[in-house]
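S.K.: okay, here's the prediction I keep looking at, along with the sequence it came from:
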2 protein chains.
Amino acid sequence: MPLQGPGHGKRKPRARASSGNPTLTDVAARAGVSLATASRVLNDSDRKVGAEHRERVLRAAAELDYRTDLSAQAMARGSAPVLALLVSSIDDPYFSAIAEGVVSSAHTHGVIVTIAITARDSARELTSVRTIRGQRPRAILVGGSRIAGNPHTGALLAELRAFAESGGRAVFLSQPVGGLGAVRPANAAGARDLGTAIARHGYRRAAVVTGSERLETVTERTEGLRRGLAPLGGGIAVVESDTFDRSGGYRSTRRLIESGRIGGADVLCAGNDFMAVGAMTALRDGGIEPGRDIAVTGFNDIETAADVTPQLTTVRFPLAAIGRRAADLALGADGPLSEDVSVPGEVIMRASCPPRDGATGVR
Amino acid sequence: MPLQGPGHGKRKPRARASSGNPTLTDVAARAGVSLATASRVLNDSDRKVGAEHRERVLRAAAELDYRTDLSAQAMARGSAPVLALLVSSIDDPYFSAIAEGVVSSAHTHGVIVTIAITARDSARELTSVRTIRGQRPRAILVGGSRIAGNPHTGALLAELRAFAESGGRAVFLSQPVGGLGAVRPANAAGARDLGTAIARHGYRRAAVVTGSERLETVTERTEGLRRGLAPLGGGIAVVESDTFDRSGGYRSTRRLIESGRIGGADVLCAGNDFMAVGAMTALRDGGIEPGRDIAVTGFNDIETAADVTPQLTTVRFPLAAIGRRAADLALGADGPLSEDVSVPGEVIMRASCPPRDGATGVR
DNA sequence: GGAAGCTGGGATAGCGCTTTCCCGTTTCGG
DNA sequence: CCGAAACGGGAAAGCGCTATCCCAGCTTCC
């Protein structure tokens, strides 16, 4: 009796995955070549393979309708051709525009995109990153404004750093933390330019309706605006915060009107276009005609901005390009990564912010 | 000299993935248990594990910051916890709303979502499905209207069928082909209801600006509209096609105006809200005031619809719910799948389509 | 009191693919 | 004309994990 260790012996091979996909072994067998050769052909590796064999493999693969198993390939290679994108919500033109760019770049890099949403919940953001790490992706892109003083930020950072140390690339689409990379809209500069532009149009006292001041995007924009207004003697008269969306814009504007605090302002600057649209409705509901009685500005230039009446003055950021660039950066050359790219925005003056009597428009 | 087969021998183990992630083996070693036990604990399998060992494994995993390698797990299990979503564009409120629902459902099912975009290119749609199949996902969701007479449809169908036969689930988010499953907006019924509603408001002759008549979504909507208008003696006076987006709406409306063909119409029905918004601009540019001189309707109820002036009458579909439901269906019980669920829409009457003089609004 | 069940744990085949090693042939340069 | 280098091909060792099989130690139950 042959010696045999414990716990072993013949066992029936596990059933092939239901009705099974053809494997590389099948292809090799059909082509009459070794597994190695088949693999080399299908991955056009450095190693050369004779024309004859190459041809046979290709034909066999086609005949069997062979599709490389990405999981297996990923395991053998040690990393998956995957880029993970983490955003607060995909049903938001801001992020979906970025996502479009990300997916398109990933496509040209031959990389698959997996997407996770955090619903603006930083606990979930953290668990998502944990799950994502299990995919051993090449890169993780993190969207959504960082939140000042968030208790989860430390853990998130640790998680991303560990990821980076094990060879992955982490890129923020907003304020970077801990020396990781970032590609993001130049909020402060854009806001400053907007401030300058409206000041030149003759506006001096801004009412700001925006999101929570703990959102770094919010503080960047508000601060930029202030700096843009100042040189011409303008300033921010009042700041009202609410949720960073349409209804938040409506509510906070409503509060400004009801409390009379909007009185001193000649321009209402919203933290983003959604808030601006909500604000315009609130203004009308309060008997104030946007664009005539008070100017209104937004941020981001979502498609709607040009379709509302009056058309909305805003700052346009090339969001898809930002996404594309972030993905390019993440999928690019090897090595650690800590670039922080700010992509400039462009002020788009529209009817919601007409030149005021007496404004020269000159410098 | 020991006998040894060809092509073998000691070789240095491949370098661990740079700086390496901890593996289950590491965890087991640290916990002083076998690999099997560690796996059982971490996957809470049926097999019971003693409290003592369980505890040790959990601790070791935490200390090492262990993260299951999903690729490896997928390979061992034979299928990946992945759902693939294929849409024409993610930067489109229609699809991003659906995607939101899909991702949310997938999340509760513990499944990762990978996304691919086809840019409305059916050749690319086909190659995408091929790539996706390599991921061995549990399900594939295909968005985007089918196109009548498309030469790639057959190949796509074959691909999806093969996928279904190997155990995957394929679900369309639009017109299903070849007996596969679908969850989709009830375009025809929604359009019919819209037709009925505007007819009751006193409109009789519709000008339709819409996408290519080869898009099945387009024909479904146009046909439904016709059926809704007919009972009250209404009908479609003219149909003008262009791209299925905002600029297409603008251009086709412009053509109707310039050729005078818009003359006979009292309501302009756009194929979707984007086209409607473009159409309204074109109307104004042509000196026709939407909502006053001619009624306007859209389709889908994108967020913008309520923000334009006049507010847009449209048909609302619960897109996120459609996405969620499709994902639920795809990730649900096993077995083949060929349900075709039509999700009803709701007509939203707004100012762009005011009751006309003489309209009773009664049935 | 011995057979038959549990129970909890360990050893180890694969999963499908990449990539080293190793080897028989050619092709060359000297 | 011979040894070296180049070339093309095959065998098989993992990658990290799951799940099957086997076993030792206890209970149970006639």
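M.R.: Yes, it's here. Residues are numbered from 1 along each chain as shown, chains lettered A, B, ... in the order given.
S.K.: could you pull out the helices for chain A?
M.R.: Along chain A, counting by DSSP state H, helices occupy A:24-31, A:35-42, A:51-64, A:70-77, A:93-108, A:122-134, A:153-165, A:187-200, A:216-229, A:246-258, A:273-285, A:319-331.
S.K.: so which of those comes closest to residue B:108?
M.R.: helix A:122-134 (12.1 Å; Cβ to Cβ). (Each C-beta comes from the backbone N, C-alpha and C, glycine too.)
S.K.: by contact count, what packs against that closest one?
M.R.: Applying 3 or more Cβ pairs under 8 Å, 6 or more residues apart in numbering or on different chains; DSSP states H and E, one finds that helix A:122-134 contacts strand A:82-87, strand A:112-117, strand A:139-142, helix A:153-165.
S.K.: list the buried residues in it.
M.R.: Across helix A:122-134, burial judged by 16 or more other Cβ atoms under 10 Å in any protein chain shown covers A:122, A:124-126, A:128-129, A:131-134.
S.K.: same question for stretch A:242-257.
M.R.: A:242-246, A:248-257.
S.K.: farthest pair in the residues you listed?
M.R.: Those two in the buried residues of stretch A:242-257 that are separated most widely, counting by Cβ to Cβ, are A:244 and A:257, at 19.9 Å.
S.K.: check contacts around the most centrally placed residue in chain A.
M.R.: For chain A, the residue sitting closest to the mean C-alpha position, by Cα atoms, centre = their mean, is residue A:143 at 4.2 Å. By Cβ atoms under 8 Å, 6 or more residues apart in numbering or on different chains, residue A:143 lies in contact with A:85-88, A:95, A:98, A:172-174.
S.K.: let's go with 6 Å and repeat that
M.R.: A:87, A:95, A:173 (Cβ atoms under 6 Å, 6 or more residues apart in numbering or on different chains).
S.K.: quickly list what the first one is bridged to.
M.R.: Right, residue A:87. On DSSP bridges, the residues paired with residue A:87 through beta bridges are residue A:117.
S.K.: burial of the residue of the stretch 151-300 of chain A found nearest DNA strand D, as a residue count?
M.R.: Closest residue of the stretch 151-300 of chain A to DNA strand D, Cβ to the nearest atom of the strand: residue A:166 (10.3 Å). Residues near residue A:166, counting by other Cβ atoms under 10 Å in any protein chain shown, number 18.
S.K.: that one contacts residue B:21, doesn't it?
M.R.: Yes - counting by Cβ atoms under 6 Å, residue A:166 touches residue B:21, with 5.3 Å between them.
S.K.: for the stretch 151-300 of chain A, which residue gets nearest to chain B?
M.R.: Closest to chain B within the stretch 151-300 of chain A is residue A:167: 4.2 Å, counting by Cβ to the nearest Cβ.
S.K.: look up how far DNA strand C lies from that residue.
M.R.: Going from residue A:167 to DNA strand C by Cβ to the nearest atom of the strand, to the nearest Å gives 14 Å.
S.K.: backbone dihedrals for that residue, please?
M.R.: phi 100, psi 0 (degrees, to the nearest 10).
S.K.: before we move on, back to that, now the buried residues of helix A:122-134 as CSV including pLDDT?
M.R.: Output for those, formatted as CSV (pLDDT from 0 to 100):
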residue, pLDDT
A:122, 87
A:124, 91
A:125, 92
A:126, 91
A:128, 93
A:129, 94
A:131, 92
A:132, 94
A:133, 94
A:134, 93
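S.K.: near DNA strand C, which residues of the stretch 51-200 of chain A?
M.R.: Within the stretch 51-200 of chain A, the positions adjacent to DNA strand C are A:66, A:68-69, A:72-73, A:75-77 by Cβ under 7 Å from any atom of the strand.
S.K.: who wins for most neighbours among those residues?
M.R.: Counting by other Cβ under 10 Å, top hit in those: residue A:69 with 24 neighbours.
S.K.: contact partners of stretch A:22-31?
M.R.: Residues contacting stretch A:22-31 (Cβ under 6 Å, 6+ apart): A:35, A:38, A:56-57, A:60-61, A:64, A:66.
S.K.: just the residues you listed now: which is nearest DNA strand D?
M.R.: Nearest to DNA strand D out of the contacts of stretch A:22-31 is residue A:35 (Cβ to the nearest atom of the strand; 4.7 Å).
S.K.: what about the nearest residue to that closest one once chain neighbours are set aside, how many neighbours?
M.R.: Nearest residue to residue A:35, sequence neighbours excluded (Cβ to Cβ, 6 or more residues apart in numbering or on different chains): residue A:28, at 4.8 Å. Residues within reach of residue A:28, counting by other Cβ under 10 Å, total 22.
S.K.: now residue A:117
M.R.: Residue A:117: 27 surrounding residues under other Cβ under 10 Å.
S.K.: that one touches residue B:103, doesn't it?
M.R.: Yes - contact criterion Cβ under 6 Å: residue A:117 and residue B:103 qualify, at 5.2 Å.
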